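>>> model the following, please.
(chains A, B, C, D, E and F)
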Protein chains: 6
Amino acid sequence: MQKIVLTGAAGKLGSQLRGPLAGMAAQLVSTDILDSAGDLAANESWVTADLADRAAMQDMIDGADMVVHFGAIGDEGTFEQILGPNIIGAYNVWEAARLTGVKRIIYASSIHAVGMYPKTQAITPATPHRPDGFYGVAKCFAEDIAGMYWEKAGIEAVCLRIYSCTPEPMNARALGSWLSYGDLVRLVTASITTPITGFTVAYGVSNNDRCPVDNSAAAFLGYKPQDNAEAWAEEILARDPQADPSDLGQLAHGGPFASAPINSSGLSAKFLVNPPD
Amino acid sequence: MQKIVLTGAAGKLGSQLRGPLAGMAAQLVSTDILDSAGDLAANESWVTADLADRAAMQDMIDGADMVVHFGAIGDEGTFEQILGPNIIGAYNVWEAARLTGVKRIIYASSIHAVGMYPKTQAITPATPHRPDGFYGVAKCFAEDIAGMYWEKAGIEAVCLRIYSCTPEPMNARALGSWLSYGDLVRLVTASITTPITGFTVAYGVSNNDRCPVDNSAAAFLGYKPQDNAEAWAEEILARDPQADPSDLGQLAHGGPFASAPINSSGLSAKFLVNPPD
Amino acid sequence: MQKIVLTGAAGKLGSQLRGPLAGMAAQLVSTDILDSAGDLAANESWVTADLADRAAMQDMIDGADMVVHFGAIGDEGTFEQILGPNIIGAYNVWEAARLTGVKRIIYASSIHAVGMYPKTQAITPATPHRPDGFYGVAKCFAEDIAGMYWEKAGIEAVCLRIYSCTPEPMNARALGSWLSYGDLVRLVTASITTPITGFTVAYGVSNNDRCPVDNSAAAFLGYKPQDNAEAWAEEILARDPQADPSDLGQLAHGGPFASAPINSSGLSAKFLVNPPD
Amino acid sequence: MQKIVLTGAAGKLGSQLRGPLAGMAAQLVSTDILDSAGDLAANESWVTADLADRAAMQDMIDGADMVVHFGAIGDEGTFEQILGPNIIGAYNVWEAARLTGVKRIIYASSIHAVGMYPKTQAITPATPHRPDGFYGVAKCFAEDIAGMYWEKAGIEAVCLRIYSCTPEPMNARALGSWLSYGDLVRLVTASITTPITGFTVAYGVSNNDRCPVDNSAAAFLGYKPQDNAEAWAEEILARDPQADPSDLGQLAHGGPFASAPINSSGLSAKFLVNPPD
Amino acid sequence: MQKIVLTGAAGKLGSQLRGPLAGMAAQLVSTDILDSAGDLAANESWVTADLADRAAMQDMIDGADMVVHFGAIGDEGTFEQILGPNIIGAYNVWEAARLTGVKRIIYASSIHAVGMYPKTQAITPATPHRPDGFYGVAKCFAEDIAGMYWEKAGIEAVCLRIYSCTPEPMNARALGSWLSYGDLVRLVTASITTPITGFTVAYGVSNNDRCPVDNSAAAFLGYKPQDNAEAWAEEILARDPQADPSDLGQLAHGGPFASAPINSSGLSAKFLVNPPD
Amino acid sequence: MQKIVLTGAAGKLGSQLRGPLAGMAAQLVSTDILDSAGDLAANESWVTADLADRAAMQDMIDGADMVVHFGAIGDEGTFEQILGPNIIGAYNVWEAARLTGVKRIIYASSIHAVGMYPKTQAITPATPHRPDGFYGVAKCFAEDIAGMYWEKAGIEAVCLRIYSCTPEPMNARALGSWLSYGDLVRLVTASITTPITGFTVAYGVSNNDRCPVDNSAAAFLGYKPQDNAEAWAEEILARDPQADPSDLGQLAHGGPFASAPINSSGLSAKFLVNPPD
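Presented below is the predicted three-dimensional model:
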């Protein structure tokens, strides 16, 4: 592959991907609204740009084979906060991809696109949208854009509904929902190397004993997670307060997003992809 | 009922609704980005305003029991054209409704939210999104917003996926897809009078012999269409060129939207809700 | 047909059935825990008996071709109230039928077997159980018994999930859920005359514009309702207080049963099949 | 339309179609292995030919817009009897259609393609194959051929799973399964005039009260049956022996085909499309 | 956790659970209609009581966090045998739980709630009831009670449809259906420690190569079976007579229960939870 | 077991099965239209015969417990090529089995029975037919025959939809679709030893990371594949040209069969079961 573009490269998840992606193409272009942190790989260049700036996006994407689109506000926010980077930004990436002939986009969608389902209900790649806030609505929007560009412009898309991606599982909910950084890399790598993806949705979650989603309909991607939050179960269950099933924030797949009031912000700083500092 | 707000009141569909809605509440507020045409009903007032102006929306909606939201660009357009009235505008209506205590929103969604399905496949209110352009993507966005506000803020919504609403069926496709103005009024009226709607999707189509959607899952709304495009069948079939199933614009539910290139505009002037003049 | 047995013959629904059933067999045996009211048909005999008395049931059923089993407490009650007539009574009827060679049982099941579903969700004969109280649980029990006796003993059963069977629709909910007495008779008659029924579930509801169930999977029964609650819509909607979708008693198919506390009784005296006086 | 070819034109069903089809195209070619009976329409020509003779088929079909393929042995038979006209014959028609540029084939499939389902289970156009004998297996074969030619060669197909097509309903089963000759003509006519059909399956059954299939997924065809076997119900139910649900021949959709031993023949002479004399 | 109550503690399955449960709470109350066998754990107390005695149940359950309800007749029986312990007993446990504030009930349901399905059909936690006898009907009843108490009283429930729980697999059927004692303990433990369960159904079966159920929809419980009946396959297949697919007792998930006559008893002594001596 | 008959014994797949099958019965009869290659096992006899010769089939099958039916043209061909061995041959095997009392047939069906589905759509044993050519249509025919003989004659059948069975995975598609020879033997062995199979469909594919089918509904067979094409992934992905999702031959499950013109032959010589020499 000649060129991969990674958006959101300064974020917590994006920064995990820079190294592996640099190894998969002749050229990696990393971009974020923030400046780069850490050293660049030999074949990596950095572009500081705003996702809402379509001209900048198009220049940067020109010549790419694939785009790994992880740039966005990574937390619930007000609609006004979400609109630019998450909605307009997603459109900009797909439209730039169409105009420059990109073959495939790997997209950081989110469990929050379907966060209002109770977690006693197993969800699959075919589960229809049921967002739990504006963050989730924007993920739904981007998935719809992705499907439409696949059907009308032939651009492949793998929409990864990422769950709780942190260095370690942080609470009882994460015993099911954790995605390790290692498995994140495996998931993105599989999404890139699989010969044909068309328009595909898959969940980003590790091989947890208590995993509440069923990825089998996307098995052809070849994503085989290897980490398991159960190693932290005893410690977390002893520490966490007993769960309350009458709290939608505990019952729903989306966790605290599901019970948060509309138009709140800064809901869960720990999920921020692009923290302000 | 004390007050109903109708957006898009100057459009082709909205203007059909003004009279009937004036008869259903003590007060009707009609609004559009255009000035009013024709006389106002005795209990009707007119507000010329932009859907993208949230403050104006909120002032106008304050005190309403229900909002009948038909305002939007009524045709495929570029994303830049669609973004303001159809996406931001929809958010503005729901957020204003939340802040002012509105009970229910009747929304003019569209067949184009699911327009990429082949019409040999019956679609139902539960059929997941599969939009055929930015116009359709914006309808999907508003439906997702509607679902989220129902689950998190208790605002009821009836999303009407309107098909081909014209005075008469205009082509062979419309033998299945036609919605007469009389049935449009029946559909909106039923959506208002039904005691409980929660979040509901229903198709806006007449009682056509060749109707390609199945509304039975929304039967509780009590919508009973009475018109039938078959009365025009002989004339239309004799006149229209023979259909070509290899043309997605004829095979898909969305018709010409499905085969149009991305970011085209002015696709089908005849569907315009708010024609420029 | 030689002999039909009707249980619950003194109840509000059962008493509607006595005349029509007397016309369908050489002999009609009507039974209730209460004495008969009104004159008997020429070929009708009356047995005052308790459903919980299996020996009495068996004597009475002996020689019957079919049993129309409408006897039970017709309202929510405490488990102790429901246990005898509705649970043990149902068993007694099926076991007596098995031992005496009855071919088919027409059973007055109830919407309350599935009453916890929101009424924005269309329910069908295949919708799994989701009872809204002990009355509903007992209906589920009898349906399970009916299925098991069909599969293991070859006794056909038509389980009629009856909705709101009253002389006239009594409130806004009944605009969807009403079953007229005339349609009740049509439904039971069709269940008897259809050549083959195996184990079948169907909803007992009239041809209401706002009917919230989909009986099409049981269409082979030939039940064609003719009445429509919509004739009362204007009057009822003007009179009833505005509905509150946050009240499960209005949102759920089961209506007030769904929101009633467990082990309440006398919930809706108007639904009583066998009123105490 | 320039030319329609009707196979099986001497059969009971085919002979009903000759007149109506003659009125729908400039030229009608009627064909059968038997000679023609009755007068030809002014624009009708007759070809006596064997379906198993592909060269003859191809000559005859050349230049046709559509083929109405009703030719086959119309009864259960041995595999050897079925193989030629029903299996090879179907292939010959589709292959000839492909080589000569036919746009659409209307095919007389049969309920026996799904005849082993119990009739207490509603079947739809999407119900998978479950044939009840070689006659049904051959119908499944032709439907599979039809789907493959649609996907790979763009030939549209409407596969009509015809139930009991006779002048009057002949027994208790037919109270549900009857297709009147008038409705047969309506069904074929709708299948021809509908602008787009792709590959579609629909059931051929009248508007019977006791209709055991659900055609709503094929509603876009615009087939509106007008006859109803219920007019004969009282007479038939009084005359027919009581049904026995332990007899698969009464319980299954396929009726006596379902209970007949494999490789029997002459099962139900009354269903013969092409009776020997 | 402060207190767990285990019913059926003298039974074959219950006695396997006493040790593990004693390790999970400050206090374990074990109960059965029989006296205790073996030594009590340091924090375990024993109550000899009848499940049909609600007052006794309520006293015992008072103060418990969770109830592990394994008490019942563990075999097919007559309805009269099943009614008290399995039906009334289940009600008593849930009602006592409601009145005393229990958070969750782990219930020993059974494959016999769905035993009439052929085992060539994979069953899942969402598979509707299809009981194979009164034992199964009583399990269906308790599951319906469990669902209703969750929706109306907020009591969580995990209904474990236990298959063939024995020290070793005992016949060819058990190559698929075996649940080892070790996996039983894992299943109950997971059902207790999972933070949120709402109302959940899961199958109790080991990690057998030939496992005929699909538990993936309940994966969030974190039950990971470790034993596999395949270790006994060669020995059992050599010993057992060849299977007969025309025997419902071999074809159905419920095994010999499915083919047993109604109202038989003592069907399979080896499955008895509470053997009389 | 007394006797197994293996058809297609000279083919690439059949020849892998001769040894293992010889170990599973007292007598193995191997047959093909070709002469045997290699030595016979001590209990193996060879019959050179044409599948289209029913008398020969019946003689050979007489006395067999099971037939492993792998004989057919193993590649796409013209209908005329396919008709004899694949269609008539399948009928001959089942009819001979019925007449001689065979208990079960293990059938080499193929992915090409459902080859037109896009591989981004997971397929299961319940996925309806969607063949990609005449080879696939013939597999559909044999599956329909198998189902009908099970329901009407009680002959069990396991239809194995075999994917890409070769010594090593040969291209990028095979990273998902490969079936190793070892796993082929495991699959056939499980299909023989499982006590009850009724009519079952399962996919023949190895334990590939990128496996695009979901066999879990047939888990009761106990097939546990052990090989994984991923070991070849790096080498194949480096070598193969980049995939083109607009090529149906790459997007569809059926691979090159899906994009091949109708009535082509010699499509993929490497899949030939019975190569001409």
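>>> ok, how many other residues are close to A:His253?
Neighbourhood size, A:His253 [other C-beta atoms under 10 Å in any protein chain shown]: 31. In short, each C-beta sits where N, CA and C put it, glycine included.
>>> dump the residue contacts of it.
By C-beta atoms under 8 Å, 6 or more residues apart in numbering or on different chains, A:His253 lies in contact with A:111, A:114-119, A:123, A:177, A:212-213.
>>> make it 10 Å
Residues in contact with A:His253 (C-beta atoms under 10 Å, 6 or more residues apart in numbering or on different chains) are A:111-123, A:127, A:130, A:132, A:161, A:163, A:173, A:176-177, A:203, A:212-213, E:220.
>>> which of those fall within strands?
Among the contacts of A:His253, DSSP state E puts A:161, A:203 in strands.
>>> need the residues of chain A near chain F, please.
Neighbours of chain F within chain A, by C-beta under 10 Å from any C-beta of the partner chain: A:1, A:65, A:103-104, A:124-126, A:150, A:154-156, A:158, A:190, A:193-201, A:214, A:216-224.
>>> which among the residues you listed count as buried?
Among the residues of chain A next to chain F, the ones that count as buried by 16 or more other C-beta atoms under 10 Å in any protein chain shown are A:1, A:65, A:103-104, A:124-125, A:150, A:155-156, A:158, A:190, A:193-201, A:214, A:216-223.
>>> near chain E, which of the residues you listed show up?
A:124, A:214, A:216.
>>> just curious, which of these is nearest to D:Ala52?
Lowest distance from D:Ala52 to these (C-beta to C-beta) belongs to A:Ser216, with 45.7 Å.
>>> which residue packs closest to that closest one, ignoring adjacent ones?
In space, and not counting its chain neighbours, A:Ser216 is closest to F:Asp214: 5.2 Å by C-beta to C-beta, 6 or more residues apart in numbering or on different chains.
>>> wait, what's in contact with that neighbour?
Neighbour list for F:Asp214: A:214, A:216-217, A:219, E:214, F:122-127, F:203 [criterion: C-beta under 10 Å, 6+ apart].
>>> among those residues, which one lies nearest to chain B?
Nearest to chain B out of the contacts of F:Asp214 is A:Ala217 (C-beta to the nearest C-beta; 13.8 Å).
>>> for A:His112, list the residues it contacts.
The contact partners of A:His112, taken as C-beta under 10 Å, 6+ apart, are A:75-76, A:130-140, A:161-163, A:253-255, A:257-258, A:271.
>>> and the most centrally placed residue in chain A, helix, strand or coil?
Among the residues of chain A, the one closest to the centroid is A:Ala108, at 2.3 Å (C-alpha atoms, centre = their mean). Under DSSP: H, G, I helix; E, B strand; the rest coil, A:Ala108 falls in the strand class.
>>> okay, it and chain B: tell me how far apart.
From A:Ala108 over to chain B the distance is 18 Å, taken as C-beta to the nearest C-beta, to the nearest Å.
>>> so for that residue, what's the pLDDT?
At A:Ala108, the model reports a pLDDT of 98.
>>> again with the one 5 residues further on
A:Ala113 carries a pLDDT value of 98.
>>> now do A:Ser264
For A:Ser264, pLDDT reads 74.
>>> show me what contacts it?
For A:Ser264, the contact set (C-beta under 10 Å, 6+ apart) comprises A:76-78, A:133-134, A:257.
>>> element containing it?
Element membership for A:Ser264 (DSSP states H and E) is empty, with no helix or strand holding it.
>>> what parts of the stretch 1-150 of chain A come near chain E?
Within the stretch 1-150 of chain A, the residues that sit near chain E (C-beta under 10 Å from any C-beta) are A:118-124.
>>> any idea of the angle the helix ranked longest in chain A forms with helix B:134-153?
Counting residues, the longest helix found in chain A (DSSP state H) is helix A:134-153. Here helix A:134-153 points in a direction 160 degrees away from that of helix B:134-153 (axes from the mean of the first three to the mean of the last three C-alpha atoms, to 10 degrees).
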